[in-house]
Each structure stands twice: as C-alpha cells, then as structure tokens.
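Asks: Next input, structure requested:
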Amino acid sequence: MTGAVDVLVVGAGPTGLTLALQARDHGAHVRVVERRPEAFRPSRALILHPRTLEGLRPLGVTDPLLGLADTAPTARLHLGPRVVRAGLGDLALPDTAFPHLSLIRQADVERVLATALADRGVEVERGTELLAVRDGRHGADAVLRSGAGTEVIRCPYVAGCDGPVSTVRACAGIGWHGRPYTVEAVLADIDLSRAPGCGGAEAFAGRRGLLLLFPLGERAAWRLLTTRASGGAHGAAFGQPGPAVPRAELQRLLSDVGLDATIERLAWSARVPLQYRLARRLRRGRLFLLGDAAHNYSPATGQGMNAGIQDAVNLGWKLGFAVRACDGEPADELGAEVLLDSYDRERRPVAHRRLLLTHAAFWAEASTGRIPSWLRAVAAPFGAPAVPVLLDRRRLVAEGIRVISQLRVSYRHSPLSVEGTPRLRGAPRPGDRLPDATVSAGGPSQRLHHLLARPGVHLLLQRDADPLPDATSGPGVDVLRLMNSPGQGLMAVRPDGHVGFTCGATDEAGLNGWLALIGAAASSASRL
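Replies: Here you go, the predicted model:
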C-alpha cells in the first residue's frame, strides 16, 4: 500500500466498510484489514433502518443498496389461530426519504460497500490479522500478520470493528459489562413443502418464543430465525454461528408454532449464543471501538448492523477532519481532542438506550418465563382483533419506527453542539438530526436531504441572511441559501446529518469558532 495510513480499520463487516468510506471521503488515508480470508457467510443481519440509509446516502451507496432490497416488505403475524397482516413500506414518515424498513441481506450490504471502497482505490486486505496494537504518544503501533509475514505499522488512529472478541478492545484494556442470555438464536436456510403465506415474512408467536421466516435465505428459499433455551457451552463465540441444528429439531420448532409444512431441504443451520454487553468506553487514546466490538444486542428490532453503521457514520468524518485539519497533516493533538472525544460522549449513551430497548423487546419475544410465555400464547391471540386497528393508526406505527430506527437520536449535550446568540427560532436545536423537507434554493423545489447528499459540512442560510465571506469556511464546506425560509439566521449541518451550530443572525465569529472546533476551518469554501 502506497502513502501514509491515517486510519487502520480492523474488520471488514458493514461497520468497518462504512467507517473506511466515511473517513476516506472526509480526507483520511485508510487501510482495511480482515482476518478472515473470505467474507463471512451466510448473512446474520437482514434489515436496514431509515436512519441508517440516511447516514449512508452521502457516500453514494443507497441506490445500489435499495436496488437489492425489499423496500415494501409485508409480514403476517400468527397469534394462535388468528393471522394479522402488516405492511412495513410507505410508513407515515414525511421527514425522511426512506419511509420504510428495508429487507436486505448483510452479504449484499457488504458487497455494495466494498465495491464503493474499491472504486475509491481501497481494497480490503483479507487474511490479514491484527495481533496487537499499542497506543502511543506519537501514534498507534499495530502488529499485523498475513500470508506475506508479520509487519509493524504506525498510524494516527486504529478503529476496532472486529466484533465481540475484539483484539482492539483487549489491547486497549477496555472492559465491558453485561451478561449472556439464557436463550440462544437458531438460524437456518430451509426449503418448505409449501409456502406459509403470500411471499412476505411470517412471524409466529408461541409459548416458547417468536419464530420468524424471511424469504431471504441465501442457500434456500427461507431464512428461519427463532430462539430456544441455551444448550450450554459449545465453543462458539457470542454472536458467531456454532454447531448445526438437526433437521428433526427444526421441524419440531415449526410444528410447535402450528406451521403445517415439512422441511424438504435443510441447506444450513447454526446455534448462536447471545449476550448483551456495552463497553465501558468507546475510545482510549488513539484506539476506538465500533459496532459489535463496542456493544452487543439481542436480535430484537434488528439493531446490530444498523448500530454499527451509525457508529461509523458518526466517527468517520471526525477522523478524517482530525488528520486533514492542517493542510493534510495530522491535527494538533489538543485541537483534535474535543472532536475525537465527542464520539464516545455521543454514541455511548445512544448504545446504552438501545441496549435497554433491545433487552425489553427480547424479553417479550424470547423469554421462557411465565409472564412473557403467557403474553405470547394467551393474551396475544385474545387481543389479536385490536392489532389491525392499531396498525391502521399510521402515526402511531411511524412513531414506533422512529424509536427503533434511531430517528429520534439527538446529541444536544455534545461539545460539538453550539447555539449562537440570538437563538434561531423554529428550527432544530444543535445536536438534533436534520429532518428532510421540501425547500427552494433558487430553482425548482427539491428535497433538502437530496441537496445535502454528499460528504462535508453544509451551511444553510435563511433567505435574508447576510452572505458569508469566503474566509469563513474551508474545503468540504458547502453553503446553501434556502429561499423559502424567511429570516436572517444560519444553521451548520455536520457530515452525519446532525445540526452542529445555529444562530438567529450571521454570527461570523461564532460560526468560525465552531468550524475550527470540528477541524473544518480554512481559507476558502466551495459554493453550490
């Protein structure tokens, strides 16, 4: 690899690939290593949430992802003898370009991200393992081993995207708290003697847990996901597939939930031990933790892949700005400290709330205790007639999706969230996600997120705001005047789509201070 490495990314799953793209598009030279010689298959994750797609959009990968996804998924919920049909596309979410859940295999997500990274000249180095890494005053020293031998490199930052058994986390001396679940996941790709429904997902609520069938199998027509009491230690790492599950046992799981279908072919199966964990910190010096290396969740609400990608979208631009702040040279350590430390301060509280959400949902889905078993087997069928009424309340369903997909996440208490004087009224607060909306920028009306769908910082001026001098902002900073927004204020939007600075007037000094804080201040700006 030619040229200096600014960021060593350890792990080439969705989290590591996204981090490499985000850091690369914001000025960093990246290197991606993955100990596995081949991509991990079959997929474990199957869902992309709206907020995840918003974060990926500036990287230019959403169109190929959506081309491979089911963006209007349907599901049938079997509650005893009753069946309730639900649609998960075209939800009542007017402030996002992606008002739906997207069913897509993790394998397809990784393929799209790796292709985008290769187009930028960065190839994943498979079969290259991180043996050790040490944080030092002048850089992080990493020991790598591949088929070509062992090498030692020094770089400003190392990002651990290397899963639950993280070498980066171990070398950083960062502990994590939590515990194993008493149930484990069962995954399988199967062909059935007859299709259980109309081609969408099928969910069966039973006394022993929830059983899901997705028409997304990689080696057969259906992907089965369910839980059962843990079979004890069998050598598999948490979150990693372990021993196969006998066909007779899988058939028994289907029969227990009342599915009258026979497994005609079992292509693949595995038991997966589960845990809930959260690292005590997400950064130590030059070492960072993301995704499964930082937090582990149950499968409930489909958070794993989405959480890791959203971590990467948050950290990637900060690493890029930190290393390019001084004309491409590493930023002054004191100047970059607040910027880089904001990753832990912003993302760890989000991870903690997500852990509470998934733990509660998993209790309802999979616990074999008396109360959740009764709720699934007795209360749910009795209350089934009310479910269609609730599903017809689109705003209620949409609010649930907002919570699950992290559209409500805000970083108002972050050191990067700055409010100028006078306060900008009637607008998102610093730290909030910028909602999508129809705007006019001097031509035909367009959607705001479409106009901002590229890397960098975006300065939004209200219609009557004073123009900004060229010296106010630097490369990678765009200025957009919103003609349908009366007023004299301005708003600065971070590369991850969160508002960073607002002011009810053109406060040049305040804006310059915020741009310097995030490492984006320079002598000139590009203009839209």
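
Asks: Return the list of helices and strands in contact with the host helix or strand of residue 211.
Replies: Using DSSP states H and E, residue 211 maps to strand 209-214. Using 3 or more C-beta pairs under 8 Å, 6 or more residues apart in numbering; DSSP states H and E as the contact test, the elements touching strand 209-214 are strand 201-206, strand 222-229, helix 333-366. Where you see a C-beta, it was placed from the backbone N, CA and C, and this is true even at glycine.

Asks: Mind listing the strands it pairs with, and their directions?
Replies: Strand 209-214 has the following strand partners under DSSP bridges: strand 201-206 (antiparallel), strand 222-229 (antiparallel).

Asks: if we can go back for a sec, which of the helices and strands packed on strand 209-214 sits closest to residue 161?
Replies: The closest of those to residue 161 is helix 333-366. By C-beta to C-beta, the value is 13.2 Å.

Asks: which stretch among the helices and strands packed on strand 209-214 comes nearest residue 124?
Replies: Short answer: helix 333-366, nearest of the helices and strands packed on strand 209-214 by C-beta to C-beta, at 23.0 Å.

Asks: what mean pLDDT would you report for the closest one?
Replies: Mean per-residue pLDDT for helix 333-366: 91.

Asks: Tell me the buried residues in it?
Replies: 336, 339-348, 350-351, 354-355, 357-358, 361-366 (16 or more other C-beta atoms under 10 Å).

Asks: Next: stretch 211-230.
Replies: Judged by neighbour count (16+ other C-beta under 10 Å), stretch 211-230 contains these buried residues: 211-217, 220-228, 230.

Asks: Check the contact between residue 208 and residue 368; I expect there is one.
Replies: Yes. If you go by C-beta atoms under 8 Å, residue 208 and residue 368 touch, sitting 6.2 Å apart.

Asks: Looking at those two, which is more packed in?
Replies: Neighbour tally, residue 208 and residue 368, criterion other C-beta atoms under 10 Å: the higher count belongs to residue 208, 19 against 14.

Asks: What's the separation between that one and residue 224?
Replies: 14 Å (C-beta to C-beta, to the nearest Å).

Asks: I'd like the strands paired with strand 209-214 written out as a markdown table, with mean pLDDT and distance to residue 62 added.
Replies: Formatted as a markdown table, the strands paired with strand 209-214 follow (pLDDT from 0 to 100; distance: least, C-beta to C-beta, whole Å):
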| stretch | mean pLDDT | distance to residue 62 |
| --- | --- | --- |
| strand 201-206 | 90 | 22 |
| strand 222-229 | 91 | 23 |
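
Asks: so which of the ones you listed gets nearest residue 126?
Replies: strand 222-229 (25.1 Å).

Asks: How many residues are close by the residue nearest to residue 321 when sequence neighbours are not counted?
Replies: Nearest in space to residue 321, with sequence neighbours left out and distances taken as C-beta to C-beta, 6 or more residues apart in numbering, is residue 519 at 3.7 Å. As a burial measure, residue 519 scores 27 neighbours (other C-beta under 10 Å).

Asks: Am I right that residue 519 sits in a helix?
Replies: No. Secondary structure of residue 519 (DSSP: H, G, I helix; E, B strand; the rest coil): coil, not part of a helix.

Asks: Looks like it contacts residue 338 (just checking).
Replies: No. Between residue 519 and residue 338 there is no contact under C-beta under 8 Å: 9.8 Å.

Asks: picking up where we left off before, give the rounded mean pLDDT of the strand holding residue 211.
Replies: What strand 209-214 shows for mean pLDDT is 92.

Asks: How about stretch 70-87?
Replies: Here the average pLDDT along stretch 70-87 is 87.

Asks: in that stretch, what's buried?
Replies: Neighbour-count burial for stretch 70-87 [16+ other C-beta under 10 Å]: 70, 71, 73, 74, 75, 76, 77, 78, 79, 80, 84, 86.

Asks: And the contacts of it?
Replies: For stretch 70-87, the surrounding residues in contact (C-beta atoms under 8 Å, 6 or more residues apart in numbering) are 88-90, 98, 100-104, 196-205, 257-258, 377, 380-381, 383-385, 387-388, 391.

Asks: try stretch 395-412
Replies: Contacts for stretch 395-412 (C-beta under 8 Å, 6+ apart): 49-52, 91-93, 96, 99, 101, 301-303, 306, 310, 342, 346, 350, 354, 357, 390-391, 417, 429-433, 498.

Asks: from those, which ones fall inside helices?
Replies: Taking DSSP state H as the definition of helices, the contacts of stretch 395-412 contribute 50, 51, 52, 306, 310, 342, 346, 350, 354, 357, 390, 391.

Asks: which element is the nearest residue to residue 203 once chain neighbours are set aside on?
Replies: Closest residue to residue 203 in three dimensions, ignoring its sequence neighbours and counting by C-beta to C-beta, 6+ apart: residue 77, at 4.9 Å. Here residue 77 sits within strand 74-79, counting by DSSP H and E.

Asks: Direction included, what does that strand pair against?
Replies: strand 82-87 (antiparallel), strand 201-206 (parallel).

Asks: then the last one to CSV, C-alphas only?
Replies: So the one you mean is strand 201-206. C-alpha atoms of strand 201-206 as CSV (Å, rounded to 0.1, in the frame of the first residue of the first chain):
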residue,chain,number,x,y,z
ALA,A,201,-42.2,-12.5,6.2
GLU,A,202,-44.0,-14.8,8.6
ALA,A,203,-44.0,-14.4,12.4
PHE,A,204,-45.4,-17.0,14.8
ALA,A,205,-45.9,-16.1,18.4
GLY,A,206,-45.7,-19.2,20.6
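
Asks: the inter-axis angle of that strand versus helix 333-366?
Replies: 60 degrees (axes from the mean of the first three to the mean of the last three C-alpha atoms, to 10 degrees).

Asks: that older thread, reformat the strands paired with strand 74-79 as CSV; add distance to residue 482.
Replies: Output for the strands paired with strand 74-79, formatted as CSV (distance: least, C-beta to C-beta, whole Å):
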stretch, distance to residue 482
strand 82-87, 34
strand 201-206, 40
